[in-house]
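>>> Build me a structure from this.
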Amino acid sequence: MSLPQDVKGEAAGSSYLTIEPGQTEILIVGPAVTGYQYWRNEGGPVRQAEVFDEPLPDDCRMKDIKDKSGNIIGSEKEKQQFYWAMPVYNFKTKNFELAQFTQKGVREELLKLQNNPNWGDPTGKYTVTIDKSGTGFQTKYSVMANPATDERKAELAAIMATYATKPIDVAGDLFGQAE
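Coordinates of the predicted model:
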């Protein structure tokens with residue numbers, strides 16, 4: 001018996017954008033949704049559109065509390081995170097992916113671009129490059145808009161046309177239901 005050649009499959013839903021160190025160029029291809037999440041001790045995140053009631057459940061992941069010297073003196077539940085989620089085209093992987101931005105700085109930079117009359121809504125019009133540097137608490141992100149040349153406009157239009165044939169249900173992927 002030989003193994004199949006297809007290693008990705010065509011499962012419902014989408015893969016998530018992973019921003020690796022260095023530059024990642026994306027094209028936003030659809031509308032964003034907002035939500036909140038917390039991480040469980042065992043398993044993945046729990047997400048919903050509205051803020052979670054406090055206190056979070058007992059299965060919420062814990063984080064260490066440290067004193068000024070860095071010694072662990074206890075633990076507490078991690079806080080829930082606010083995020084934007086949107087479908088994007090990742091030029092590195094050449095795939096449509098679900099981007100989830102919990103980083104306030106990334107959200108602020110994307111909003112600045114949208115509110116700038118020289119750039120406007122990025123959806124399908126221009127790409128952005130997200131630059132990631134550092135690790136852990138020293139991780140930094142920057143966002144830069146990339147102007148679309150005439151040649152690039154044709155490529156972006158083709159990407160948008162492809163996306164229109166099988167759009168990602170962002171709310172359904174995140175919350176397990178359709179918008």
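>>> drop to CA atoms for contacts and neighbour counts, all remaining ones
Noted.
>>> Each with direction, which strands does the host helix or strand of Ser75 pair with?
Following DSSP states H and E, one finds Ser75 within strand 72-77. Using DSSP bridges, the strands paired with strand 72-77 are strand 62-66 (antiparallel).
>>> how far is the strand it pairs with from where the chain is centred?
Averaging C-alpha positions (C-alpha atoms, centre = their mean, to the nearest Å) puts strand 62-66 25 Å from its chain's average.
>>> residues in contact with Ala148?
Listed by C-alpha atoms under 8 Å, 6 or more residues apart in numbering, the contact set of Ala148 reads Lys125, Tyr126, Thr127.
>>> immediately after whatever helix or strand Glu155 lives in, which helix or strand?
In this structure, Glu155 is located in helix 150-165 according to DSSP H and E. Scanning forward in sequence from helix 150-165 by DSSP H and E, the next helix or strand is helix 170-175.
>>> Okay, buried residues for that next one please.
Applying a neighbour-count criterion of 16 or more other C-alpha atoms under 10 Å, one finds Val170, Ala171, Leu174 buried in helix 170-175.
>>> ok, now stretch 148-166?
By 16+ other C-alpha under 10 Å, the buried positions in stretch 148-166 come out as Leu156, Ile159, Met160, Tyr163.
>>> still on that earlier bit, nearest to Gly44, of the contacts of Ala148?
Taking C-alpha to C-alpha as the measure, Gly44 lies nearest Thr127 of the contacts of Ala148, at 29.9 Å.
>>> Once you drop chain neighbours, what's closest to the closest one?
Distances taken as C-alpha to C-alpha, 6 or more residues apart in numbering place Leu27 nearest to Thr127, at 4.6 Å, with adjacent residues excluded.
>>> can you give me how far the one helix or strand the one you found maps to is from the chain middle?
Secondary structure from DSSP H and E places Leu27 in strand 22-28. Relative to the chain's own centre, strand 22-28 is displaced by 11 Å; criterion: C-alpha atoms, centre = their mean.
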